[in-house]
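> From the sequence below, what's the structure:
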Amino acid sequence: MNIKFNVKGVIYGVLLLILVIGGFIVIPNMFMEKSKPVDYTIVQRESIPEKILDMMDKYTDEERALAVKLNEKIYVIVTRGKDNEKGIEMNKIEMVQEDDKNLMKVKISYKEKEKSYPYIVVETNLTDLPDNIELNATEE
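Predicted structure coming up:
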């Protein structure tokens, strides 16, 4: 028995297979956000720098996230607003490149707490302030 291979057909088949597999890898990466998680540690109430506490007085009535650079460290402050009775829990912080700008996405949850605080302060591993900050809150 003599089997003949169509060499051109095999080459075209291999090239087509490479293109299809490459498409599954390259195309989703074009549409996915390139986000990097930010490491952070929660700052205990008694350890929050005085300058941050002074600045926060004007923001505790609003639901928002702020980034502050103090002593070469970047802090993120999240306030829940005056109408919200729940406590804040930090889920994650990530940096996203969007239109040549650094966007910080802060994700938090509001949780039922006996004694809730109107804000949370975290110290990050970042060296530069973001261009914009987006707060995403969910109820739990």
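> Who does the residue sitting nearest the centre point of the chain form a beta bridge with?
In the chain, the centroid-proximal residue (CA atoms, centre = their mean) is Glu94; its distance is 2.1 Å. Glu94 has the following beta-bridge partners by DSSP bridges: Pro37, Lys105.
> Would you mind listing where this protein has pLDDT under the threshold?
1-5, 27-33, 113-116, 140 (pLDDT under 70).
> Show me the strands in it, by range?
35-37, 40-42, 63-70, 73-80, 87-98, 101-111, 119-124, 132-139 (DSSP state E).
> Minimum distance to Glu50: which of these has it?
Among the strands of the chain, the nearest to Glu50 by CB to CB is strand 63-70 (10.0 Å). No exception for glycine: its C-beta is placed from N, CA and C like everyone else's.
> and that closest one with strand 132-139, angle?
140 degrees (axes from the mean of the first three to the mean of the last three CA atoms, to 10 degrees).
> What residues sit buried inside strand 63-70?
Within strand 63-70, the residues scored as buried using 16 or more other CB atoms under 10 Å are Glu63, Arg64, Ala65, Leu66, Ala67, Val68.
> Make CSV from those residues and add distance to Thr138 to it.
Listed next are the buried residues of strand 63-70 as CSV, based on distance: CB to CB, whole Å:
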residue, distance to Thr138
Glu63, 13
Arg64, 16
Ala65, 14
Leu66, 19
Ala67, 21
Val68, 24
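> mind checking the end-to-end distance for stretch 47-60?
18 Å (CA to CA, to the nearest Å).
> quick one: the closest residue to Lys34 other than its chain neighbours and Asn132, what's the gap?
Spatial nearest neighbour of Lys34, chain neighbours left out: Gln97 (5.6 Å); criterion: CB to CB, 6 or more residues apart in numbering. Noted for Gln97: a distance of 12 Å to Asn132, by CB to CB, to the nearest Å.
> so what sits against both of these two?
Listed as contacting both Gln97 and Asn132 by CB atoms under 8 Å, 6 or more residues apart in numbering are Leu103.
> And the longest helix seen in the chain, what does it pack against?
Ordering each helix of the chain by length in residues (DSSP state H) puts helix 7-31 first. Packed against helix 7-31, as judged by 3 or more CB pairs under 8 Å, 6 or more residues apart in numbering; DSSP states H and E, are no other helices or strands.
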